[in-house]
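Colleague: Give the three-dimensional model of this entry:
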Amino acid sequence: MTHLSDKDHQTQMEDMSFFVEQMPSVGIFWYDPEDHSLFGVRKKELTPQMV
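Modeller: Numbering: from 1, shown residues only. As a prediction, the model looks like this:
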């Protein structure tokens with residue numbers, strides 16, 4: 001498990017806040033550690049019936 005510094009944690013939380021949507025989603029992705037980027041991102045919105 002990796003532990004982030006407070007600054008890195010805050011940066012990560014700010015980056016993730018851009019993905020806030022009305023309906024939650026579930027997904028999967030791959031992370032490229034050389035490019036520090038996500039790829040192969042797949043997500044599906046959850047419906048109220050699913051929740």
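Colleague: and the residue positioned nearest the centre of the chain, helix, strand or coil?
Modeller: In the chain, the centroid-proximal residue (CA atoms, centre = their mean) is residue 16; its distance is 5.8 Å. Of the three states, residue 16 takes helix according to DSSP: H, G, I helix; E, B strand; the rest coil.
Colleague: Against residue 5, how distant is it?
Modeller: 17 Å (CB to CB, to the nearest Å). Every residue, glycine included, has its C-beta placed from N, CA and C.
Colleague: Equivalent analysis for residue 30, please.
Modeller: With CB to CB as the criterion, residue 30 and residue 5 are 25 Å apart.
Colleague: Same question for residue 11.
Modeller: According to CB to CB, residue 11 and residue 5 sit 9 Å apart.
Colleague: ok so, going back, the residue nearest to the centre of the chain: what's it in contact with?
Modeller: When the contact criterion is CB atoms under 8 Å, 6 or more residues apart in numbering, residue 16 has no partners at all.
Colleague: hang on, the earlier thing: settle it for me: which of residue 11 and residue 5 has more neighbours?
Modeller: Ranked by neighbour count (other CB atoms under 10 Å), residue 11 and residue 5 place residue 11 first, with 12 against 8.
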